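Trainee: Fold the following, please.
(one chain, ligands or ions: 2)
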Amino acid sequence: MKKVTVNASRVYDIIIDKGILDRAGELCATVKKPCRAAILTDSNVAPLYLARLEKSLSGAGYETVSYTIPAGESSKSAENYLAFLSFLAQNKITRSDCIFALGGGVVGDLCGFCAATYLRGVEFIQIPTTLLAMVDSSVGGKTAIDIPEGKNLVGAFYQPSLVICDYDTLSTLPDDIFTDGCAEVIKYGLINDKELFCKLKNPIMPQIEDIIENCVRNKRDVVDADERDTGVRQLLNLGHTAAHSIEALSDFAISHGSAVAMGMAIILRAAAALGHISKEDCDEAIGRISSYGLPTDCPYSARELADVALNDKKRQGGSITLIMPFGIGDSRLYKVSVDSLEEIFKAGL
Ligand SMILES: NC(=O)c1ccc[n+]([C@@H]2O[C@H](COP(=O)([O-])OP(=O)(O)OC[C@H]3O[C@@H](n4cnc5c(N)ncnc54)[C@H](O)[C@@H]3O)[C@@H](O)[C@H]2O)c1
Ligand SMILES: [Zn+2]
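Mentor: Ligands and ions are numbered 1, 2, ... in the order given. All right, here's what the predicted structure looks like:
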């Protein structure tokens, strides 16, 4: 078992171990005395894990009610947000109760935003079941829903009270979704953890507890330093400026993990062209990304990528902050003028 403590506006633990879904009740009881527990999950996760969570919570004295949304990004919607709020109200969930997110990042983000806003804030606990949710979305308190104008445009910073990572649940994850999560794991290595990057020479699953802990520690460190994403937390966006453009240009047919892999390859090549990273490091990093079955060639032009990126919410006046690799495990914030973005992407294609 591994435990990582986040010291943000709320102090909470991330507990990482196999089989702990069945001990969720007992673990939750250490932070929240038994109360009514409203669980949000999705249609793929419910048949696999919901009964086990309900049993464990009831065994520890919680009274559970559960709500299942259809699996998929389209469920991170205003409609489901309102529907779950109504469900909470109809079930008379009060401020002394607790909400549980059982699933991937979609369930976690939606549930977190409901928890942030229902009755102006009720406690919530994350039980991530995808690799991406374990290493990224369940930690750090970014919650959101999508609106037709864009992904994650409505949300709140709202930290959970506990994160329970039972990596046994990864055994049922489809291969492509697992691979998507691997892109984020490689990202942490490239940002500031060369040791983690080296571990990724070997398959992830035999060392999964260690790998999740490494990633979560990395995320914890930037969240502790910059909870509201105005400084170093932006490092987590390595490869994401191009990735967000790629996802949007493909109408979301290209998955987030694949887009991040392409985005990291673009910025690595650009960094090599600009002389910031050596050719050897660039080749090694791109080789590692490919070795996980992730794509490193982007089907869009520099102009297309830049146009979409410059309409994105992350633009700040005449400049945009990229995350530039200066070596493996050494990525830095790198402000560029909006006019040079297309050139930088061109150098990376
Ligand atoms: N809040 C943050 O900081 C943050 C960070 C990164 C990503 N995100 C968000 O996370 C979302 C993506 O998360 P995701 O990749 O986990 O997607 P997801 O939640 O859609 O899960 C992917 C698929 O896996 C299924 N699934 C989940 N767990 C399973 C299991 N154990 N076995 C079998 N199937 C399982 C789901 O039903 C779904 O079909 C996006 O909406 C993104 O914006 C948020
Ligand atoms: Zn990402």
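Trainee: quick one, helices of the protein?
Mentor: Applying DSSP state H to the chain gives helices spanning 24-29, 45, 51-59, 78-90, 105-117, 131-132, 175-192, 194-199, 208-225, 240-249, 256-273, 279-291, 302-310, 341-348.
Trainee: right, so of these, which gets closest to ligand 1?
Mentor: Smallest distance to ligand 1 across those (CB to the nearest ligand atom): 2.0 Å, for helix 105-117. Yep, even glycine has a C-beta here, placed from its N, CA and C like the rest.
Trainee: now the most centrally placed residue in the chain: how far from ligand 1?
Mentor: What sits nearest the mean C-alpha location of the chain, by CA atoms, centre = their mean, is Ser137, with 2.8 Å. Look at Ser137 and ligand 1: by CB to the nearest ligand atom, to the nearest Å, they are 3 Å apart.
Trainee: same check, this time on Cys165
Mentor: Noted for Cys165: a distance of 11 Å to ligand 1, by CB to the nearest ligand atom.
Trainee: ditto for Asp22
Mentor: In this view, Asp22 and ligand 1 are 15 Å apart by CB to the nearest ligand atom.
Trainee: got a list of what Ala29 touches?
Mentor: Residues counted as contacts of Ala29 (CB atoms under 8 Å, 6 or more residues apart in numbering) are 60-61.
Trainee: Start the count at 29 instead of 1 going forward.
Mentor: Understood, numbering begins at 29; the last thing we discussed is Ala57.
Trainee: Tell me, what's the model's pLDDT at it?
Mentor: Ala57 is assigned 98 on the pLDDT scale.
Trainee: Asp325 too?
Mentor: For Asp325, the model assigns a pLDDT of 98.
Trainee: and it, how many neighbours?
Mentor: By the criterion of other CB atoms under 10 Å, Asp325 has 11 neighbours.
Trainee: go on, the one 10 residues further on?
Mentor: Burial of Asp335, expressed as a neighbour count using other CB under 10 Å, amounts to 15.
Trainee: Show me what from this protein comes close to ligand 1.
Mentor: Residues of the chain lying near ligand 1 by CB under 6 Å from any ligand atom: 70, 72-73, 76, 99-101, 104, 131-135, 137, 157-158, 160-161, 164-165, 168, 170, 179-180, 197, 200-201, 205, 208.
Trainee: so His304 makes contact with Leu350?
Mentor: No: under the criterion of CB atoms under 8 Å, His304 makes no contact with Leu350, lying 11.0 Å away.
Trainee: Please compare these two by neighbour count and tell me which comes out ahead.
Mentor: Using other CB under 10 Å as the criterion, His304 and Leu350 rank with Leu350 on top: 27 against 20.
Trainee: Test my guess that the more buried one contacts Tyr362.
Mentor: Yes: counting by CB under 8 Å, Tyr362 is a contact partner of Leu350 at 4.9 Å.
Trainee: what stretches of this protein score poorly on pLDDT?
Mentor: Applying pLDDT under 70 to the chain picks out residues 340-344.
Trainee: quick one, domains of it?
Mentor: Using automatic domain parsing, the domains assigned to the chain come out as 30-200, 204-376.
Trainee: Quick one: distance of the longest one to the chain centre.
Mentor: Domain 204-376 sits 13 Å away from the centroid of its parent chain (CA atoms, centre = their mean, to the nearest Å).
Trainee: go on, stretch 173-186?
Mentor: Offset of stretch 173-186 from its chain centre (CA atoms, centre = their mean): 14 Å.
Trainee: tell me the contacts of Pro156?
Mentor: 129, 131-133, 136, 162, 165-166, 191, 193.
Trainee: okay, those in JSON lines with distance to Ala57 next?
Mentor: Formatted as JSON lines, the contacts of Pro156 follow (distance: CB to CB, whole Å):
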{"residue": "Ala129", "distance to Ala57": "18"}
{"residue": "Gly131", "distance to Ala57": "22"}
{"residue": "Gly132", "distance to Ala57": "25"}
{"residue": "Gly133", "distance to Ala57": "26"}
{"residue": "Gly136", "distance to Ala57": "21"}
{"residue": "Met162", "distance to Ala57": "22"}
{"residue": "Ser165", "distance to Ala57": "25"}
{"residue": "Ser166", "distance to Ala57": "20"}
{"residue": "Val191", "distance to Ala57": "16"}
{"residue": "Cys193", "distance to Ala57": "18"}
